[in-house]
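S.K.: Everything below, folded, please.
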Amino acid sequence: MLLLPYSSELRLAQIPYVTLAIILLCFAVYNAQESNRYATNKAITTFCEDINQQSANSNRNKFNYMPTNFRACVYFISLMHDLPDLENWIEYNVAIFDDQYSLNDLEKYAEYEYYHYEKFRITAPVSLDSQLMFAPYTQNIFSMITSAISHADWMHVIGNLIFFFAFAPALELLSGNRLKFFIFMILISISCGISYSIISIVNNSPVPTLGLSGVVMGMIGFSAYMMPYARIRTLVWFMFFIRIISIPAWILAVWYVGWDTYDLFSRTDTGGVNLIAHVAGGFSGYIFAILMFKEQRKKVREELSDEVDYMRSARQDHLGIMSSYKGRQHIVDQKMQEKLDKKIIGGKMDLLYRYVNTGNTSEAILLILTDYDINEYNQEYLYKFFEEIGKWKKGTVYLCVGRLLVHVLHDQGKYAQLLSILEECFKVKQNFLLADPATAIPLAKEAISNNQPELAYRIVKNSKERYIHYINVTDCLLLEANILWEYFSKANEAKSLILNAIESQLIVDIKKAKNLQDLIEYDISGPSSSLMSK
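M.R.: Predicted structure coming up:
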């Protein structure tokens, strides 16, 4: 039975640049390999023909077979030319022919093979395959990576890239970080190379390897962790049954990694397939995913679950009415609201830009306030205007939007963001006024608790002149004096502020007046004391 996965059943919101780059790179490298092989094969054929013509004048020697056996000459020269390191040529021969020849005979064969190959190498083009493939006895980290992007033939490269494209694009976007995703693939390549190297040396079978299949299996293992229930469109072919079926990623992972693991331990003839790299890639893909993307998996879980449910419903609802969609309603509402907000903001921004930059303040404010009722509790709506206007011109319109935004954030209890907005507004205008004067004292206290005494002081400073009778003047004066004394070490200014307030009869509460009088009589040069506790 043939299972050929070719694409994920997820809608991609972005272009998977890393995945596409790897695919293009593999095709480009293989094209270079093919050109190099053509030139090399031509040189090998010419060399073997030349020594074959000269064989009539040479002494017959069974170990020196190349001059008299053209096909064997081509085969072994090609084999030696593609090996990254000929120092292990004897070991390589022993691993292949130990059941046919003695070690003594293999060493004699190798002596003549070296002789002819050294003559060939003088004028032969360098083998690109030997530069790219990974020889397990070298344990070269760089060639572990380059071998992943090189392939043996067109069927090899196309087959690997179809599997790669079935899983990698969705995983790249779900990973949330393209650089991290690329590093993940590098680690998979290295882990496959190390695993293959160790087992090959132990089994004395140092056969070089190349191909992206280890990384592909790593993607399959990654998918089993990151998106186990996401469906992969798969061509299923069994005898006369041919159909495209959407199969969950975890099932495909179990199928491919499981079968390769079984074949690795049960088969002696693998048909040239590097099962060690396959199994190592599958398991290391899952393990590295846990180590590198555990937090990211939590972030995307809800959105991914909704997308999987949406696509399930799209498969089942042939009429297109999505009647079986059980997606979370708040996610649907959120997406619709985002579209509405984008439409509202996008339609106003150009007009608002003209109003702000031409000084048409009243029209700009009216434009913003038009939809204020329906967006009163949508701070993102106001913040977008605040942010954009701040890029154009920080004037009256900017402060007006800031005032509205502070009011909304106060109602929602989002003080950290609120204080940040206030700081920006006070940078533009020192006597910036709040929309609701009653919030001045709570906001000043919040600024103090957030270690922002300078902001707290600006909020309550000159409260009488700024807010007239719409604010509790006594409490504001008391807090203003407290900030001057405790945080700025300006005890004399604090005392002067309170004395002037008493003389101006700004204090109408007899009890508070008495407390203030006690404060004035207190020795300012003595230990610091919180005025608000008096």
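
S.K.: Isn't T123 up against K42?
M.R.: No: counting by CB atoms under 8 Å, T123 stays clear of K42, with 11.8 Å between them. Placement of C-beta: from N, CA and C, glycine included.

S.K.: so where is the protein shaky, pLDDT-wise?
M.R.: Applying pLDDT under 70 to the chain flags residues 55-60, 88, 94-100, 316-347, 370-379, 469, 505-534.

S.K.: Strands of the stretch 151-300 of the chain, start to end?
M.R.: Under the criterion DSSP state E, counting those that start in this stretch, the stretch 151-300 of the chain carries strands at the ranges 231-238, 241-248.

S.K.: Ok, the stretch 1-150 of the chain next?
M.R.: 2-8.

S.K.: quick one: common contacting residues for T123 and K42?
M.R.: Here T123 and K42 share no contacting residue, scored by CB atoms under 8 Å, 6 or more residues apart in numbering.

S.K.: Any idea which of the strands of the stretch 151-300 of the chain gets closest to Q131?
M.R.: Nearest of these to Q131, taken as CB to CB: strand 231-238 at 34.6 Å.

S.K.: Single out the most deeply packed of the strands of the stretch 151-300 of the chain.
M.R.: strand 231-238 (a mean of 17; mean count of other CB atoms under 10 Å).

S.K.: need the contact list for the residue nearest to S150 when sequence neighbours are not counted.
M.R.: Among residues not flanking S150 along the chain, L132 sits closest, at 4.0 Å (CB to CB, 6 or more residues apart in numbering). L132 makes contacts with 29, 33, 143, 146-147, 149-150, 210, as judged by CB under 8 Å, 6+ apart.

S.K.: Could you identify the pair within these that is furthest apart?
M.R.: Greatest spacing in these, by CB to CB: Q33 and S143 (14.4 Å).

S.K.: Settle this for me: A32 is touching L128, isn't it.
M.R.: Yes: the criterion here is CB under 8 Å, and A32 meets it with L128 at 6.1 Å.

S.K.: Of these two, which one has the most company?
M.R.: Using other CB atoms under 10 Å as the criterion, A32 and L128 rank with L128 on top: 19 against 13.

S.K.: Could you check how far the residue lying closest to that one once chain neighbours are set aside is from M144?
M.R.: Spatial nearest neighbour of L128, excluding adjacent residues (CB to CB, 6+ apart): N36 at 4.0 Å. Here the criterion is CB to CB, to the nearest Å. By it, N36 lies 21 Å from M144.

S.K.: For S213, grab the count of nearby residues.
M.R.: Here the number of neighbours of S213 (other CB under 10 Å) works out to 24.

S.K.: what does C192 give?
M.R.: Using other CB under 10 Å, the number of residues around C192 comes to 31.

S.K.: need the contact list for the nearest residue to it once chain neighbours are set aside.
M.R.: Nearest residue to C192, sequence neighbours excluded (CB to CB, 6+ apart): G214, at 3.4 Å. G214 is in contact with 148, 188-189, 192-193, 274, 277-278, 280-281, counting by CB under 8 Å, 6+ apart.

S.K.: quick one: which of those residues is nearest to L103?
M.R.: Of all those, L103 sits closest to N274, with 26.9 Å by CB to CB.

S.K.: pretty sure the closest one is touching P208, no?
M.R.: No: assessed by CB under 8 Å, N274 is found out of contact with P208, at 10.0 Å.

S.K.: could the strands of the stretch 151-300 of the chain be laid out in TSV, adding distance to E111?
M.R.: Below are the strands of the stretch 151-300 of the chain laid out as TSV (distance: least, CB to CB, whole Å):
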stretch	distance to E111
strand 231-238	50
strand 241-248	55
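
S.K.: Just tell me which of those strands ends up closest to C400.
M.R.: Nearest to C400, of all the strands of the stretch 151-300 of the chain, is strand 231-238, at 50.7 Å by CB to CB.

S.K.: packing partners for the closest one?
M.R.: With contacts taken as 3 or more CB pairs under 8 Å, 6 or more residues apart in numbering; DSSP states H and E, strand 231-238 sits against strand 2-8, helix 154-175, strand 241-248, helix 249-266, helix 275-316.

S.K.: Single out the most deeply packed of those.
M.R.: helix 154-175 (a mean of 21).

S.K.: From Y112, how far out is K119?
M.R.: 11 Å.

S.K.: Over to R354?
M.R.: Here R354 is placed at a distance of 87 Å from Y112 (CB to CB).

S.K.: between the two, who's got more neighbours?
M.R.: Neighbours were counted for R354 and for Y112 using other CB under 10 Å; Y112 has more, 17 against 11.

S.K.: what's the closest of the strands of the stretch 151-300 of the chain to A21?
M.R.: If you check each of the strands of the stretch 151-300 of the chain against A21 by CB to CB, strand 231-238 wins as the nearest, at 21.7 Å.
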